[in-house]
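Trainee: Quick one, what's the 3D model for this:
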Amino acid sequence: MTEHHRIAVEVESYWLEAGLDPAEASEMRSELDQHLAEAIADGQTVEDVVGDTATFAEAWAEAQKGQSVESWEDVRSGRTRNRRIARRDLISYGIGTAAVVAAAAVAGQGGNDVDNQVWAWLWTVLAIVLGIGEIFTAGFFLLPFAIGAGAAAILGWIGANVIAQWLVFFGVSIFSMAYLRKYINRQDEAGLPRVGANRWVGASGVVLEAIDPRTGAGLAKVLNEEWRVTAPAPINAGEQIIVTDIEGTRLVVEKVES
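Mentor: Numbers count the residues shown, from 1 in each chain. Model (predicted):
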């Protein structure tokens, strides 16, 4: 990746974190990348075009959005993301707590032994299937639900009410999802090897089937494995790409400019 393209990708990443529309951010990045390439071809440097990268990125983002945006320092340091994660975690823990408390309230009522046994088997099978499915996904996408199903299975085998089983499934799944996300973030911030889905971020590959964001079509080969992919803008087959994010079981990629 050339220096000017690296700067353009870095600035686009800031714009996305600052709340700009992905399509707008991609178009702005392409325009910036082109300007930088032309400037370098004319003998100029990246600094000649953008000056201070942070000031340049903030000014363009504010002009595009028509209002103030998060500062480059806050976004790059992770403070903006951490605030959003903290709010999501608070909501997740609140919902999870409410579900578990409600489950405890109805668990003592018990239920039909035959129904409970059926549900116990269903939860057990679901936990096993989701656990195995986790091995073949981008990472930590199905695991929270596998844990939730396992907890519900335990309630089923001890004869708890079916409603309690469902509430515990949702509650434990939400708790697990919030906890695992925090674990992944701590691993990344500490500079340790990427885990879960994040291990794919930054990997390069090639497009096998053209990517069309409107239809959801797209297939790429990344690290010798084939993945369904998506991108902010269409990318033709044969183009080189780099992974920038994960959305469910799809890799989010962008074209690598030559």
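Trainee: any weak-confidence spans in the stretch 101-250 of the chain?
Mentor: 101-114, 136-140, 181-200, 248-249 (pLDDT under 70).
Trainee: Which stretches in the chain count as strands?
Mentor: Assigned by DSSP state E, the chain shows strands spanning 204-212, 217-222, 225-230, 240-247, 250-255.
Trainee: quick one, the third one and strand 240-247 angle?
Mentor: I take that to be strand 225-230. Angle, strand 225-230 to strand 240-247, by axes from the mean of the first three to the mean of the last three Cα atoms, to 10 degrees: 70 degrees.
Trainee: Which positions within strand 225-230 qualify as buried?
Mentor: Of all the residues in strand 225-230, those buried under the rule 16 or more other Cβ atoms under 10 Å are W227, R228, V229, T230. Placement of C-beta: from N, CA and C, glycine included.
Trainee: Please apply the same query to the longest one.
Mentor: Neighbour counts over strand 204-212 (16+ other Cβ under 10 Å) mark G205, V207, I211 as buried.
Trainee: how near is V9 to G205?
Mentor: 16 Å (Cβ to Cβ, to the nearest Å).
Trainee: And I154, by the same measure?
Mentor: Counting by Cβ to Cβ, the gap from I154 to G205 is 41 Å.
Trainee: mind putting the buried residues of strand 225-230 in CSV, distance to S30 included?
Mentor: Shown next, in CSV, are the buried residues of strand 225-230 (distance: Cβ to Cβ, whole Å):
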residue, distance to S30
W227, 23
R228, 24
V229, 18
T230, 17
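Trainee: closest to M28 among the buried residues of strand 204-212?
Mentor: I211 (19.6 Å; Cβ to Cβ).
Trainee: Assess the claim that that closest one and G218 are in contact.
Mentor: Yes. At 3.4 Å, I211 counts as touching G218 under the criterion of Cβ atoms under 8 Å.
Trainee: just the helices in the stretch 1-150 of the chain please.
Mentor: Secondary structure of the stretch 1-150 of the chain (DSSP state H, counting those that start in this stretch): helices located at 3-17, 22-41, 46-50, 53-65, 72-77, 79-107, 113-135, 143-157.
Trainee: Pull the contacting residues for the residue lying closest to A146 once chain neighbours are set aside.
Mentor: Distance criterion Cβ to Cβ, 6 or more residues apart in numbering; nearest residue to A146, sequence neighbours excluded, is L130 at 3.7 Å. Shown in contact with L130 (Cβ atoms under 8 Å, 6 or more residues apart in numbering): L142, L143, F145, A146, A149.
Trainee: The first one reaches G133, doesn't it?
Mentor: Yes. The pair L142 and G133 qualifies as a contact (Cβ under 8 Å) at a distance of 4.8 Å.
Trainee: Next, give phi and psi for N161.
Mentor: Reported as degrees, to the nearest 10, the phi and psi values for N161 are phi -60, psi 140.
Trainee: Quick check: it vs T230, distance?
Mentor: N161 sits 41 Å away from T230, going by Cβ to Cβ.
Trainee: likewise A153?
Mentor: For A153, the distance to T230 equals 34 Å [Cβ to Cβ].
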